[in-house]
Structures are given as C-alpha cells and as structure tokens.
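A.B. asks: coords please:
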Amino acid sequence: MKATWRWFGPSDRVSISDVRQAGATGVVTALHHVPDGTVWSVEEIRKRQQDVEQTADGSPSGLAWEVVESLPVSEAIKQQKGDWRAHVEAYKTSLRHLAGCGIQVVCYNFMPVLDWTRTELKWRLASGVTCMRFDLTDFVVFDVHLVGRAAAREAFPEAVLAAAERRFAGMADAERARLAANITCGLPGAASVPSLDDVKALLAQYDGISAERLRAHFVAFLEEVVPVAEELGLRLCCHPDDPPFPLLGLPRIMSTEADCRAVLAAVDSPANGVTLCSGSLGVRSDNDLPGMMERLGPRVHFLHLRNVQSDPGLTADETRRLHSFHESEHLSGNTDMIALIAAVGREEARRRAECRADAEIPMRPDHGQDMLDDLNRDAQPGYPTIGRMKGLAELLAVERTLARVGTL
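C.D. replies: Next comes the predicted model:
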C-alpha cells in the first residue's frame, strides 16, 4: 500500500512538514475553494501541487499530490436539474486538467445533500480520547423535531421515537443548535457548511427521486465521464455512503457490495472503480470487508482504512439498519483490519504478476481519535494529527508483519 495523508490545503492545521514526519509518502487533497460544477483550472491544480511539494521554509517536501479527494459531483448532476449537463462538461474538463498535471486517481461520491453524517464530533471515551459518533436517538431528534420532515416518524420504531421525544424535551437551545451544526457539517474542507434551512430546501429537491432513479442518474454521469477518464489513463473511484443506510428520506445507492457491483457492471471499464472505505461499509454487519477486497480487488483504486464500533447488543439483522456507532481505533472494531490488509496484499501481488502500473494501491488512515495535543488543536472533524499518525503506524506495522511472515 502507498501510505498517503489527507490534507486540506494551506489552511489545514497539519502542515506539509507534519505530514512527512507522520510517515506518509503521498498526499490526498482537493481544491475545496472551487465551487461545485465549475472547472478546476490548470493554474489552481499546479498551485496546489506546489503547496504539497514544498515545506513552509521552501525546502522540498519529497511529497506529491497522489489522489484527488474529492472532485465533487454537484447536486444538479445528482438530480439532473438545471445546469447539470454544463456541470458534467466542467467535470470532464477538470479531469483533463488533472491528467495533464500528472494526477491519476480521482475519488468522489454520489451521496445526496450530505456526505458523512455524525451527531457528535467530540464524543469522549473512557480513556479520555474523543471521536465522532452517530447516535440514533440524537439523529431522530434532528430528523423529527429540528428538520420536521413529514415522513420522519414512519421511519423509526415507537421506542426510538419516544426516547427522542424525551431527549428533545431535555435539550437547551444551545444543545439543539450544536446537534444541527454537527449533522450539517458535511464534507470536511468544503467551501461552506449548509444551514438547517439549506438542508430543508435540499431535502425538498429530492422529493420524487427514488434510489432507482438516483442510480440511473449516477450511471448516466458515469457514461459521460468514464470514457474520458479511460482515454486519459485516470482511475475514478466512488466512495461509499457514510453511514451506509438511508437518512432523512434520501436514497442511498453505494452501501453494499451489490451496490458496488451494479455500478461497476453498468459502465464496465478499468477507469470505473471504487474507494473501499472500511469505516463506512463496516457499519453494516452484512458487509464482509476482507471478502469485498478479494472480490472487487481489481477495481479498488483507493483505500480508506478506519474502523467503527457498533453499539453492543444488536442482532445481526438490526445492524443492517439505522443504529448507533462510534469511530474506534484502527485495529479494533467491526472490521477485521488484519484480514482486510492481508486481502489488500494479495490483490497487490496479483497486480504485480499482471505487470499493472497501479500495483501499489494508495491508502490513507481515515479519520482517527483525538488524543494528546489533538484535543486542543481544533482540526477538521475526524482528522486529528496524532490519532491519524497512530493509525498509520499501526496499519503499516500490520502490513509489514504480514509480509515478514509470508502471509502477503
């Protein structure tokens, strides 16, 4: 695996020097300041490459921009409304510019309205570290009482609705505002964070868009951009839904292995791939991450390695539905990370035997728990310095140990 690190640009509280010291050999970043649906210019791309390639004192960093995360797909494209065709053309132009600058891997997602969704950004564990958490009761408070979605009550059991009613009644206005801000935090590094009114308006725009229709829109988008990517030698990789179940009445179409297979088969090209995110997919007990790596391996172009812990006491059937979970340590949680890394190693060995140029799959330690100095750093939610560095060290140690004992 090629060890990379997500960096949010010059305003990131983690410097390029920090990234290098943490042990990463490549950088994952994006032009977060460029509005969705517009072209990424060559000048802006090269400027960001220069930001990555040198430290604050001007000395070479030894790092390069390896993966784009994300080149956003606009809401207009997802809904096929307004200027969506112009947005698709801008996307193609951005792909051409990225390829011309030597970048080959582009991660994106097709989640409506919000990207990752959490109710708590700094949930404290017994050890004193903090992490992100999705609490079902708090989410129902948001959906039923703050957003006031008409069909919300039909989506949850009576016991959960009653618990949310009690929690909402006991919340001060500041607590309600904080919950809304946490859930609408959206994509880290985005140009803006949607307000509650923005979310309500966006939800209304998806009235009548089913999962089947959204998938059709996704395939139509892929039919346009994948041939361009293939011509340019680019590898596109869709990130799964986070969390991998419907929220706020919105459709989800990248939550399971079957979803991934449907998208890969619809536009069958080596340029059309997936980002295997063990944290997002690992929320569901019916997602077998090591098995998915084995079966989808040739089309896995990027790895997000992190772990989550579902609340205890759930049956196998219940864990496929909406439930509470938190971000755990990288090597403990729902996903058998050692088995997953072993499967990655076997896929890389197959690629080397086939003389594939992309035999080394880029990986980044996704998210992480806030600890030590992270607790006061106020970094991007989910992206602490020390927590990710700890995760990266653990992941690389597993990989090297498996290689030493001949498992890979």
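A.B. asks: in this protein, what helix or strand scores lowest on average pLDDT?
C.D. replies: helix 196-205 (a mean of 84; mean pLDDT, DSSP states H and E).
A.B. asks: packing partners of it?
C.D. replies: Packing partners of helix 196-205 (3 or more C-beta pairs under 8 Å, 6 or more residues apart in numbering; DSSP states H and E): helix 75-79. All C-beta atoms are positioned from the backbone trio N, CA, C, and that covers glycine.
A.B. asks: in the least confident helix or strand of the chain, what's buried?
C.D. replies: 196, 199, 202-203, 205 (16 or more other C-beta atoms under 10 Å).
A.B. asks: make JSON lines out of those residues and add distance to Trp7.
C.D. replies: What follows is the buried residues of helix 196-205, written out as JSON lines (distance: C-beta to C-beta, whole Å):
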{"residue": "Leu196", "distance to Trp7": "30"}
{"residue": "Val199", "distance to Trp7": "28"}
{"residue": "Leu202", "distance to Trp7": "28"}
{"residue": "Leu203", "distance to Trp7": "32"}
{"residue": "Gln205", "distance to Trp7": "32"}
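A.B. asks: give the rounded mean pLDDT of stretch 233-245.
C.D. replies: Taken as a whole, stretch 233-245 carries a mean pLDDT of 96.
A.B. asks: need the distance between the two termini of that stretch.
C.D. replies: 33 Å (C-alpha to C-alpha, to the nearest Å).
A.B. asks: other residues contacting the helix or strand in which Glu294 is found?
C.D. replies: Assigned by DSSP states H and E, Glu294 falls within helix 289-296. Contacts to helix 289-296, defined as C-beta atoms under 8 Å, 6 or more residues apart in numbering, come from residues 257, 260-261, 264, 274, 276, 278, 281-282, 300, 335-336, 339-340, 342-344, 346-347.
A.B. asks: what does stretch 252-262 give?
C.D. replies: With C-beta under 8 Å, 6+ apart as the criterion, stretch 252-262 contacts 109-111, 211, 214-215, 218, 238-241, 244-246, 263, 274, 281, 284, 286-288, 291-292, 295-296.
A.B. asks: from Asp143, how far off is Arg20?
C.D. replies: Distance of Arg20 to Asp143, computed by C-beta to C-beta, to the nearest Å: 43 Å.
A.B. asks: of those two, which one has the most company?
C.D. replies: Remark: of Arg20 and Asp143, Asp143 carries more neighbours, 22 against 16, as counted by other C-beta atoms under 10 Å.
A.B. asks: surely that one forms part of a helix?
C.D. replies: Yes - the assignment for Asp143 is a helix, going by DSSP: H, G, I helix; E, B strand; the rest coil.
A.B. asks: please tell me how far the residue nearest to it when sequence neighbours are not counted sits from Val199.
C.D. replies: Excluding the flanking residues, the one nearest Asp143 by C-beta to C-beta, 6 or more residues apart in numbering is Ala152, at 4.5 Å. Between Ala152 and Val199 the computed distance is 13 Å (C-beta to C-beta).
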